[in-house]
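S.K.: Quick one, what's the 3D model for this:
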Amino acid sequence: MKLPAFICSMLMLSSVTGLVAADIYVAVDGSDSNIGSKKAPLRTIQAAADKAQPGDVVLVGPGIYRERVSPPQGGLPDNPIIFRSLERYQAVIKGSDLWSPAWKKEGGRVWSGFLESSLFTDLSHTDGANPFDIPFSVTPRGREGRPESRRGNPKADPNLVYNLGQVFVDGDMYMQAPLKSEMEAEPGTWFYDSAGKTLYINFFKDGPGEHVVEITTRRRIFAPHERGLGFIEVDGFVMEHCGNQYPFSFAEQDRPECQQAGALGTRSGHDWVIRNNIVRRSSGIGIDLGEEGFWGADLEKAAKRRSGVVGSHTVENNYIIDNGASGIAAYNANHLTIRGNVLIGNNAWGFSGPGRTESSGIKLTTSEHAIIEHNYIAENIGRSGISFDGGAGLDARIVRNVVVGHEVGAEFVGGVAKDALVAANVFIENKTSVSIREAGGLTVMNNMFLGSDGYSIKATVDSKREGKWSASNLAFYNNVMKGRGIYVEITTPDSYRSEGRAFDYNVYDATPKDLRWRLAGGSADLAFSNWTDAWKKMNRGVDAEQRSVAIKGILYVYDPAKTRLTVLMPLDPVAVGAYRDKRLLTDFFGATIGTDGGLRTGPFKQLQMGRNEIVIWAGIPIPPKQSPWARAQ
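M.R.: A predicted model of the protein is given here:
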């Protein structure tokens, strides 16, 4: 078979570049006039990126690099361009600079300084280079300010303005005060006077001479200017402190300045590998993996609006923590693998309310063939751990994750019913564990839902929602539920776009009289016997909870410091039986299930009657809350 000419040329180029691939060295004591060898390293990562060809490896020595890195080209299928920290987490790329202006004492512990325009050197964005001059598109901290006032909210304060800047003192992040009076009243805060280009800081103690002050000077940290680059690997860095925007209405043609733009951004690219990094403390998104918004508009100047394949990225073993909005976001990106990551403390700016829904640990919008596997997703503040907008998409697999301490553990909104699997996950202390709104095509099986005080599972529809969506084909098998609220609320098969409901082999912690089940639109909550009778009638005895069990006595304790889960089971999970699904071949720990005749309910193959002590995270270590990682390097 004769190959097309462009494929032949790519293969020839791949072969040639493979023969001449080079290592390019970068060090803090190097010079960009050097050749980039081990003995004569470059000083900036950008200088190395400008030299790098397919197959080359950029090796970055320990130290702090205050720059935006923008690779001008990508690699090839067998010859990616690799950027690697020589020592993991020791090469730190910052979106901030040290700041030591001509300080002026304002009174008390408040000092001020003038922000020179020369501090802001990345001039690529259409709305400006200085994050302090750019207001957030929405108001954070649970408040209603100028953006909401302009959109017609009569209760919003038009004088309340937050901007994209950040201030760090001795490595600790100070909180922005949108009003000068608030800054003056609260140590550890700052205020920016945009008219006078003056930054005010209320120090906890002493004056600025006693402290190291850093301010955000760059909008992004690692992202090409060119869209659509592929085959780039990023390995082992710390990236922190950039001033990127909240993605409000990011897909609209007239809002390019609000597009999804991560601190580490693939810029509508494909086939990136992002592993072993720490991405933290951006004002917006940590990592973006898809199109940034409407394809014909761009938040960067003079960038080519290149279309093509978007996605096919692998993101694994990264710490994505304390970012202002979402940890990971992707729009129209397919074939994503997000595996082995720790996502903690994202939505750090506390965005909540109308128009502020892009704030999750992981937020995917209209993505298909996504694998979200074996991640530790905890306390992403006030929002969801995992969020799919546009439904889960075809062939999505959300498996073997730990999801702790969210408003919603995993949510699926507004999609066409397709083949998606939510299986062998552990949900702990989420107000609602799984929320499904105007979406379908999900099989939810072999999960453990613990401590939900709202709902373990909630599946509802709004018949007024516009667009092509379906809430059909939802199935729930082999789950273990111990909560304080409703176990299941769901629309019935005869409800609007809701045909196809299946339940069986679930274990609920409840007495026969507990009213813990709800048919959406029903007149009363149900006890377990009424619940099973209702499904027996609606489903004609098939997949109708007939082999599920309600039994009191499931107890649990979770120690997040040791990621140790203790569960007391009042029955033998094997005796309950289980529904088999060829899509689920392993338990939470990756052990093969179903081959020994002992397939059981719940996510753990070793789950048994009585006391079970299980360390549920064996991936990269979970940083303690007071970890030095919460401080700048």
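S.K.: Can you name the residues bridging to the residue lying closest to Ile45 once chain neighbours are set aside?
M.R.: The shortest distance from Ile45 to any residue other than its chain neighbours is 4.8 Å, reached at Val69 (CB to CB, 6 or more residues apart in numbering). (Each C-beta comes from the backbone N, C-alpha and C, glycine too.) According to DSSP bridges, Phe222 are recorded as the beta-bridge partners of Val69.
S.K.: Please renumber the chain so that the first residue is 32 from this point on.
M.R.: Yes, from this point I'll number from 32; that puts the last item at Val100.
S.K.: how near is Val100 to Gln291?
M.R.: Val100 sits 19 Å away from Gln291, going by CB to CB, to the nearest Å.
S.K.: just to revisit the earlier point, verify the stated contact: the residue nearest to Ile76 with Phe253.
M.R.: Yes - with contact defined as CB atoms under 8 Å, Val100 and Phe253 form a contacting pair (4.7 Å).
S.K.: So for these two, which residues contact both of them?
M.R.: With contacts defined as CB atoms under 8 Å, 6 or more residues apart in numbering, the residues adjacent to both Val100 and Phe253 are Phe114, Ile124.
S.K.: pLDDT of stretch 540-553, averaged?
M.R.: Across stretch 540-553, the average pLDDT comes to 94.
S.K.: For that stretch, which outside residues touch it?
M.R.: Stretch 540-553 has contacts (CB under 8 Å, 6+ apart) with 490-492, 512-514, 516-523, 526, 539, 555-562, 565, 581-585.
S.K.: Straight-line length of it, end to end?
M.R.: 22 Å (CA to CA, to the nearest Å).
S.K.: Over to stretch 359-377?
M.R.: When the termini of stretch 359-377 are compared using CA to CA, they are 9 Å apart.
S.K.: Pull out the buried positions in that stretch.
M.R.: Taking 16 or more other CB atoms under 10 Å as the basis for neighbour counts, the residues of stretch 359-377 that come out buried are 359-377.
S.K.: next one: stretch 151-161
M.R.: Neighbour-count burial for stretch 151-161, counted by 16+ other CB under 10 Å, picks out Phe151, Asp153, Ser155, His156, Ala160, Asn161.
S.K.: so how far is that stretch off the chain centroid?
M.R.: Its chain's average C-alpha position is 25 Å from that of stretch 151-161, according to CA atoms, centre = their mean, to the nearest Å.
S.K.: now the end-to-end length of that stretch.
M.R.: From its first residue to its last, stretch 151-161 covers 6 Å (CA to CA).
S.K.: what's the answer for stretch 543-560, then?
M.R.: With CA to CA as the measure, stretch 543-560 spans 7 Å from end to end.
S.K.: Could you list the buried residues of it?
M.R.: Neighbour-count burial for stretch 543-560, with 16+ other CB under 10 Å as criterion, is recorded at Asp545, Arg547, Trp548, Arg549, Leu550, Leu557, Ala558, Phe559.
S.K.: what's the closest of the buried residues of stretch 151-161 to Asn110?
M.R.: Comparing the buried residues of stretch 151-161 against Asn110 with CB to CB picks out Ser155 as the nearest, at 27.2 Å.
S.K.: For that closest one, give me the pLDDT.
M.R.: The pLDDT attached to Ser155 in the predicted structure is 94.
S.K.: Tell me how many other residues crowd the residue nearest to Ile76.
M.R.: Look at Val100: counted by other CB atoms under 10 Å, it has 23 neighbours.
S.K.: how far away is it from Ile113?
M.R.: Val100 sits at a distance of 13 Å from Ile113 (criterion: CB to CB).
S.K.: Please, where are all the helices along the chain?
M.R.: When secondary structure is read from DSSP state H, the chain shows helices at 36-51, 76-82, 177-181, 211-216, 559-569, 604-607.
S.K.: Any idea which of these has the lowest pLDDT on average?
M.R.: Of all the helices of the chain, mean pLDDT reaches its minimum on helix 36-51 (a mean of 44).
S.K.: Quick check: the nearest residue to Ser131 once chain neighbours are set aside vs Ser390, distance?
M.R.: Among residues not flanking Ser131 along the chain, Val244 sits closest, at 7.0 Å (CB to CB, 6+ apart). Distance, Val244 to Ser390, by CB to CB: 28 Å.
S.K.: Fine, thanks again, bye for now.
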